[in-house]
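> Model the structure of this input:
(3 chains)
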Amino acid sequence: MPDAAQNDAFVEFERVQKSYDGETLVVKDLNLSLPRGEFLTMLGPSGSGKTTCLMMLAGFETATHGDIRLGGTSINNIPPHKRGIGMVFQNYALFPHMTIAENLSFPLEVRKMGKSDREAKIKRALDMVEMGAFGGRRPAQLSGGQQQRIALARALVFEPELVLMDEPLGALDKQLREKMQFEITHLAHSLGITTVYVTHDQTEAMTMSDRVAVFEDGRIQQLAPPDQLYEEPDNSFVAQFIGENNTLEGVVKEINNGIALVQLDDGELIDCNPINVGVGDRTRVSIRPERVEFNKDRLKEGTHTIKAEVLEFIYMGDIFRTRLRVAGNDEFVIKTRNAPDQVRLEPGAQIEIGWLPEDCRALDA
Amino acid sequence: MTDATNNGGPVLAADGTPLKKSLAKALRLQKMRALGLIAPLLIFVMVSFIIPIGSMLFRSVENGLVSETLPLTVAELQQWNGDSSEPPGEEVFSAFVADMVVAIEAKNHTRLGTRLNYEKTGMSSLFRKSGRKIKNLDPAVDGPFKEKLIDIDKRWGDVETWRTIKTHSVGITNGYFLNAVDMRRTPEGAQSQPEDKQILITLFKRTLIMSLAITASCILLGYPVAWILANLPARTANILMILVLLPFWTSLLVRTSAWKVMLQQQGVINEVLVWLGMVPDDARLVMINNQFGTIVAMTHILLPFMILPMYSVMQTIQPTYLRAAKSMGATNWTAFWRVYFPLSVPGIGAGSILVFILSIGYYITPEIVGGTKGVFISNRIAYHISSSLNWGLAAALGAILLAVVLVLYWAYDKIVGIDNVKLG
Amino acid sequence: MKLSTLTALAVTTALVAPAAIAEEMTIVSWGGAYTKSQKNAYHDPYSEKSGITIINDDSSAEAVAKLRAMNEAGNVTWDVVDVVAADAIRLCDEGLAMEINPDEHLAPAPDGTSAADDFGDLIVSDCFIPQIVYSTTFGYRTDLVGDTPPTSVCAVFDTEAYPGKRSLEKRSINNMEWALLCDGVAKEDVYDVLETEEGQNQALAKLDTIKDDVIWWSAGADTPQLLADGEVVMGSTYNGRLFSVIEEQNQPVAMLWDAQVFDLDGWIIPAGLSDERKQRALDYIYFATDTQRLADQAKWISYGPARASSAPLVGQHADLGIDMAPHMPTDPNNAKNTFLYNYEFWADYRDDIEAKFQAWLAK
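Down below sits the predicted model:
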């Protein structure tokens, strides 16, 4: 699915720009296309333009420039109520003066559906989210998680091909959120609907999505499946934003056979995988904490190692988290699995650490 | 817990007293403290609100003046058959003179005359004039008095005079309430007022209908304004809110007089219309001193009371409701009518109750711009309070108005539900 | 026990305290130009003479109701009250005003005539101290009546000769009398006719012929304003108000003195004042109603002094410098055809006729 062909695109953004004040662009030249059935997440910090994109797709905001297409036809001039897009809102937006069944009935009524059809569909939708017994209640009588399910059912009850979700799990507690993440992905995939999901929670994005579009400064910084996003970030913003990351700064000295020699600011030399830098460029080197090794036996021959001082050891159950001072950076973290033979580093110990060159990505500074 | 119930006895607190008792004690202390805190308010409400309203309600039935001023006469009149065409006998007259001598000494007889004049025209001067002469009589020696009184004023020989005294000698009367609904108390029981004096029922009806019209026009004008206010950024909304509240900062009289200048025949609107040629000079529109003028001026004055609750309710309606409705396929109108409007009803309800209750009690504006067709029942109440001094009737009218408000409130509760009223 | 002592103490302090501050008195009047004329003619000279500060309260329109309420509450805060004669009669009837003995409480005329004789018939109630004679009469727009300015009050009922709106007071008193006068009833028979059901209906029927052309007023300032705006061609109000429209504001308005209704305005002293306050009130009254003082008031307002002995002393307007005598309702030129308000009649018939009148209005 990630590599779905362009002509298969169901949702397309082409050179879309959005400005509210005519001076600054909140969305800059956005190009994006989704095939049918994909679960795409727009991830980014607040103000990065992701919600604006979603609202333009839903029709609540108009694009200042560019084209948004749905199933091949431009929807720029189609009002929201004719787009047939299901939507789940952050605060659920269940109508408080209607019962659950009436809430679900609403989209069917405006489509002039007959009563028996409506009832059948409402029942199916409620059963789908395991809320079959709650049709007669009012939203205020339900818990947050239950309301969330109803909002989902309401967005799906009229069988839209595309569903948009705007941080739908933001108000739930952690456990419930994790459960709902699973349920939503499961539902979306089993119904085969295309989903655009907006969140600022990267774990949510990683666990739910087929692909994630990382937004920053009105642009998509990287659009990739979760594993690729984590392991092969295209730039230092993505590396920083997705997962935990250690950063070291320095200058690219040379690049040989696809391996860059980077001189860190304190003079130490390390081997890295150059991504978007050339010789002589300043670079931010990104290494994931779990890819750092301090046991020399496990490192390849000839790997550059650098000195580190143990500052803090934190026992976290499944893993150990150790904070080091590396090349003047006090926030360098390594994670090790809690295995029977694992060493627990003592604060104050002087060690040497290293990593595989391909795990160390030299990115833009 | 289970231990205690198993024992069968009452649950005991740590010091051995029954738990219920010590709980009650603790709660009582709390209640006393709470009561102490609201005591100033309670006393204030009692003194400034409950007691005046109570005394107003009492005044509408209280009628001690006749029997207190003429105790002996009233007792003697019990024996007299009010249906007879003959005035009462000497015993009533001598009792009357005895009562009057005491009353004149206390200067109560003219008050009584004023009171009875509400019921029968002429009683005021009868008591005032006769008082000057009865003052010189000695009840012990100057009898018999029947002839003498009829000599003083022939109206003392009129059966109607005595029937009026007898009819209105009861201590608690329904007379004021009967008057308030265009009826009167007679020896034969309650009867309609003569047609040319019937006005109050008409005014009650008019007050209610016009208040409804004012409420309705406040809803129509206020709803869009409240909607705009609720959907603007806070800064702009606050500035516009000042405009909404501006009328509050001007005196009521000034505002009402301004409407006069606007609406009168030589006023701004007529001048503009004539200048534009839309209205001929000799057929200028009559927009004031009638119901139209009253509704316009009152709507303007009461509009903030409608907008404010509407605004604060609308502010709590999240814009995502409308978006959700539209995303589900609702047109703008359907989204408004099925989702936004029902959610704003509590604001409309609160505003309507406020405006309606305020408008049925208004009298200054109707007095100034109402002409003859735009006056309210409150104008009559004001008249009876300050001009005719018939406070009993004013109180009865006020009590009826209060009852009407309570009935409407009850009806509103039944139809819409009072918990459906929100001020924000 | 202790509590009640405390309460009693508090109450006594509350009652005594204002009296202890003493040297001020509250005089109630109508406000506006009228109060100003009283301030100039009476209050200021009296304060200068006695050192007593005078507080003005513009509550005369509701004086009867307020006095009654104060009396019931047992706390009368007013010392002297300016009321129309009809209200004075009612206050006296209700026992809310003190009875006055003119010869004891009021100054004699400079030539020695007793106060009772000097005021003469104008003392219409035992509690009433007359101050001015005013009249309710009509004013008309000189530019809206063509070449034939009205000379008779019946022009009010003649909508053919004088088309346009006219303003009348929103009450029966005066209007009923004018209606009968213009319906052919002789002046001396008016009240006899008005006593009867038929007479009342006759008056209302006459008023009915102009009902659609009337703007009904309830405040004395309404008619002057309506005349100034050209809203009405003629209208009734107090003669002093018309004087101010004509002479002070120079509006194209003229007086129609015909069938002006004389009425009286004067002082009462509320019943139940403490001796000290009563004494002070009487002292003020003695000063403010002497011959010179009453004549002085006419320098600021065109109402006639109630004493016969004051009339020759009426001079010029203090600001305009015009002779005030020709503007007095009592001036022989103005008083060719006058009508005297019948207090006795209206005390009896007011409730009844007013109810009918209001019912007629609302129809």
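> So what does the residue nearest to A:His189 when sequence neighbours are not counted have for phi and psi?
In space, and not counting its chain neighbours, A:His189 is closest to A:Phe39: 7.0 Å by Cβ to Cβ, 6 or more residues apart in numbering or on different chains. For every residue, glycine as well, the C-beta is placed using N, CA and C. A:Phe39 has phi and psi values of phi -110, psi 100 when expressed as degrees, to the nearest 10.
> What residues are bridge-paired with A:Phe39?
A:Thr195 (DSSP bridges).
> what's the neighbour count on residue 293?
No chain specified, so I'll use chain A. 20 (other Cβ atoms under 10 Å in any protein chain shown).
> That was the other one, I meant chain B.
26.
> picking that back up, how much space separates the residue nearest to A:His189 from chain B?
Taking Cβ to the nearest Cβ, to the nearest Å as the measure, A:Phe39 falls 19 Å from chain B.
> Next, residue 263: secondary structure please.
Looking at chain A here, since you left the chain open. strand (DSSP: H, G, I helix; E, B strand; the rest coil).
> nope, chain C
Once three-state DSSP is applied, C:Asp263 turns out strand.
> residue contacts, the residue nearest to A:His189?
By Cβ atoms under 8 Å, 6 or more residues apart in numbering or on different chains, the contact list for A:Phe39 reads A:Thr185, A:Ala188, A:His189, A:Thr194, A:Thr195, A:Tyr197, A:Met208, A:Ser209, A:Asp210, A:Arg211.
> And A:Ile270, which helix or strand is it part of?
A:Ile270 belongs to strand A:269-274 when assigned by DSSP states H and E.
> Up against chain B, what does the stretch 101-250 of chain A have?
A:Phe106, A:Pro107, A:Val110, A:Arg111, A:Arg154, A:Ala155, A:Phe158, A:Leu164 (Cβ under 8 Å from any Cβ of the partner chain).
> which residues make contact with the longest helix along chain A from outside it?
Longest helix of chain A, by residue count under DSSP state H: helix A:174-191. Taking contacts as Cβ under 8 Å, 6+ apart, the residues outside helix A:174-191 that touch it are A:37, A:39, A:128-129, A:144-145, A:148-149, A:152, A:156, A:163, A:165, A:168-169, A:172, A:195, A:197, A:204, A:207-208.
> make it 6 Å
A:Phe39, A:Gly145, A:Leu169, A:Thr195, A:Glu204, A:Thr207, A:Met208 (Cβ atoms under 6 Å, 6 or more residues apart in numbering or on different chains).
> now stretch A:133-149
A:Tyr92, A:Leu94, A:Pro96, A:Thr99, A:Ile100, A:Ala101, A:Val129, A:Met131, A:Ala171, A:Leu172, A:Leu176.
> Which helix or strand contains the second one?
Okay, so that is A:Leu94. Here A:Leu94, judged by DSSP H and E, is contained in no helix and no strand.
> Only alpha carbons, please: show stretch A:345-353 as CSV.
This file holds the C-alpha atoms of stretch A:345-353, laid out as CSV (Å, rounded to 0.1, in the frame of the first residue of the first chain):
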residue,chain,number,x,y,z
LEU,A,345,26.5,0.8,34.6
GLU,A,346,27.5,2.6,37.7
PRO,A,347,27.4,6.4,37.7
GLY,A,348,30.9,7.8,37.4
ALA,A,349,32.2,4.9,35.3
GLN,A,350,34.3,5.8,32.3
ILE,A,351,33.3,3.8,29.3
GLU,A,352,33.6,3.7,25.5
ILE,A,353,30.6,3.5,23.3
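> Next, the buried residues of that stretch.
Neighbour counts over stretch A:345-353 (16 or more other Cβ atoms under 10 Å in any protein chain shown) mark A:Leu345, A:Ile351, A:Ile353 as buried.
> Specify which member of those is nearest to A:Glu23.
A:Ile353 (47.8 Å; Cβ to Cβ).
> mind checking how far the helix or strand harbouring the closest one is from the chain centre?
Using DSSP H and E, A:Ile353 falls within strand A:350-353. Distance of strand A:350-353 from the chain centroid (Cα atoms, centre = their mean, to the nearest Å) equals 34 Å.
> all strands of the stretch 101-250 of chain C, in order?
C:129-141, C:166-169, C:214-217, C:234-238 (DSSP state E, counting those that start in this stretch).
> Chain neighbours aside, what residue packs nearest to whichever residue of the stretch 101-250 of chain C sits closest to chain A?
Closest residue of the stretch 101-250 of chain C to chain A, Cβ to the nearest Cβ: C:Ser218 (47.7 Å). Nearest residue to C:Ser218, sequence neighbours excluded (Cβ to Cβ, 6+ apart): C:Lys170, at 4.9 Å.
> Tell me how many other residues surround the one you found.
Other residues near C:Lys170 number 23, with proximity taken as other Cβ under 10 Å.
> and what of C:Ala205?
Neighbours of C:Ala205 using other Cβ under 10 Å come to 12.
> Equivalent analysis for the one 3 residues further on, please.
One way to gauge burial is a neighbour count; for C:Asp208, by other Cβ under 10 Å, it gives 13.
> now the helices: where do they sit in the stretch 301-424 of chain B?
With DSSP state H, counting those that start in this stretch as the criterion, the stretch 301-424 of chain B has helices at B:319-327, B:332-334, B:341-360, B:364-369, B:377-386, B:391-415.
> picking that back up, buried subset of the residues of the stretch 101-250 of chain A next to chain B?
Using 16+ other Cβ under 10 Å as the burial test, those include A:Phe106, A:Pro107, A:Val110, A:Arg154, A:Ala155, A:Phe158, A:Leu164 as buried.
> quick one: low-confidence parts of chain B?
B:1-9, B:420, B:422-424 (pLDDT under 70).
> how about the residues of it near chain A?
Taking Cβ under 6 Å from any Cβ of the partner chain as the contact definition, chain B meets chain A at B:320-321, B:323-324, B:326-331, B:334, B:339, B:342-343.
> Let's have those in TSV, adding distance to A:Lys307 and neighbour count.
Formatted as TSV, the residues of chain B next to chain A follow (distance: Cβ to Cβ, whole Å; neighbours: other Cβ atoms under 10 Å in any protein chain shown):
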residue	distance to A:Lys307	neighbour count
B:Thr320	55	17
B:Tyr321	60	20
B:Arg323	57	20
B:Ala324	58	27
B:Lys326	62	24
B:Ser327	58	29
B:Met328	62	30
B:Gly329	65	24
B:Ala330	66	23
B:Thr331	69	15
B:Thr334	70	17
B:Val339	65	24
B:Pro342	70	15
B:Leu343	65	18
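> From those residues, pick the one nearest chain C.
Nearest member of these to chain C, counting by Cβ to the nearest Cβ, is B:Pro342, at 40.4 Å.
> How about the contacts made by that closest one?
Residues counted as contacts of B:Pro342 (Cβ under 6 Å, 6+ apart) are A:His97.
> if I look at the residue of chain C found nearest chain B, how far off is B:Leu137?
Nearest residue of chain C to chain B (Cβ to the nearest Cβ) works out as C:Asp93 at 3.5 Å. From C:Asp93 over to B:Leu137 the distance is 20 Å, taken as Cβ to Cβ, to the nearest Å.
> what about the two, which has more around it?
Ranked by neighbour count (other Cβ under 10 Å), C:Asp93 and B:Leu137 place C:Asp93 first, with 26 against 19.
> I'd guessed that one sits against B:Thr114; true?
Yes: if you go by Cβ atoms under 6 Å, C:Asp93 and B:Thr114 touch, sitting 5.5 Å apart.
> what sits against B:Met123?
Here B:Met123 is in contact with B:Gly113, B:Leu116, B:Asn117 (Cβ under 6 Å, 6+ apart).
> returning to what we had before: report the rounded mean pLDDT for the strand holding A:Ile270.
Average pLDDT, strand A:269-274: 88.
> pLDDT score for A:Gly354?
On the pLDDT scale, A:Gly354 gets 87.
> ok, how many other residues are close to it?
21.
> To what extent is the residue nearest to it when sequence neighbours are not counted buried, counted in neighbours?
Spatial nearest neighbour of A:Gly354, excluding adjacent residues (Cβ to Cβ, 6+ apart): A:Thr305 at 3.9 Å. A:Thr305 has 16 neighbouring residues, counting by other Cβ under 10 Å.
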